[in-house]
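Asks: Let's see this in three dimensions:
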Amino acid sequence: MEANGNDNAAYSIYAEGTFDAPKPPATIGNTTDGPRADFITSPTPGDTTGTNGSMAYINGNPYTVAAGATLTKIKAKVGNIAGEYKCAIYSDKGGLGDRLLAITQPKVNPTTGWNEFPMTVPLKVKAGDVIWLVIWSNDQNATVYYTPVPGSRLRWGLVPYAANWPDPIVMEVNGADYAYNIYAEGTLDN
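Replies: Residues are numbered from 1 along each chain as shown. Below you'll find the predicted structure:
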């Protein structure tokens with residue numbers, strides 16, 4: 001450029017690189033906004049607080065993964081309680097939950113409706129995997145909303161509430177044709 005500002009030259013400047021488009025979201029589970037609630041614990045005799053969790057049930061449904069994804073949170077439609085809920089993901093063995101794959105942070109005193117439970121560590125799943133989305137509470141008033149779905153497989157196991165999830169989990173063979181309103185979210189893998 002000339003000192004007097006009379007420069008007739010044209011300059012071309014550009015940058016090269018790649019554009020990282022956001023990965024599309026992945027959703028696995030039942031996102032239906034079910035109108036009915038189901039108790040997932042039973043009252044414990046002599047429990048004045050209602051939150052000792054000795055009659056707690058782990059409840060859940062299996063889902064087949066449609067595409068590879070990295071899951072980071074679970075969402076569940078629950079009822080308000082003084083205690084807490086927490087969620088987990090188990091593998092499948094013979095049509096029942098089996099080995100613990102991932103857990104969420106517990107949520108204390110949630111509001112009624114959809115609540116988010118961040119996973120402690122992301123979980124990679126691949127197309128064709130069958131995973132069990134489950135929920136557990138220490139409060140005898142704990143409820144989870146559900147949708148009647150013929151052919152769905154709601155299962156449960158009586159497990160006193162504890163800091164650690166059982167691994168493996170033992171679930172009842174018989175169940176109900178309900179799908180709890182619970183699903184996992186993350187991003188699709190490329």
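
Asks: helices or strands up against the lengthiest strand in the chain?
Replies: Criterion DSSP state E: the longest strand present in the chain is strand 113-125. Strand 113-125 sits against strand 69-78, strand 84-93, strand 96-103, strand 182-188, with contacts defined as 3 or more Cβ pairs under 8 Å, 6 or more residues apart in numbering; DSSP states H and E. Any C-beta I mention is one placed from the backbone N, CA and C, and that applies to glycine too.

Asks: partners of the next helix-or-strand element following it in the sheet?
Replies: The C-terminal neighbour of strand 113-125 among helices and strands, as given by DSSP states H and E, is strand 130-137. Here strand 130-137 has these sheet partners by DSSP bridges: strand 57-64 (antiparallel), strand 84-93 (antiparallel).

Asks: in the longest one, what's buried?
Replies: It refers to strand 84-93. Within strand 84-93, the residues that qualify as buried are 84, 85, 86, 87, 88, 89, 90, 91, 92, counting by 16 or more other Cβ atoms under 10 Å.

Asks: Of all pairs in these, which one is the farthest apart?
Replies: Farthest pair in the buried residues of strand 84-93 (Cβ to Cβ) is 84 and 92. Separation: 26.2 Å.

Asks: Next one: the residue most central in space within the chain relative to residue 105, how far apart?
Replies: Central residue of the chain (Cα atoms, centre = their mean): residue 74, 2.2 Å from the mean position. Applying Cβ to Cβ, to the nearest Å, the value for residue 74 to residue 105 is 10 Å.

Asks: which neighbours do the two share?
Replies: 117, 119 (Cβ atoms under 8 Å, 6 or more residues apart in numbering).
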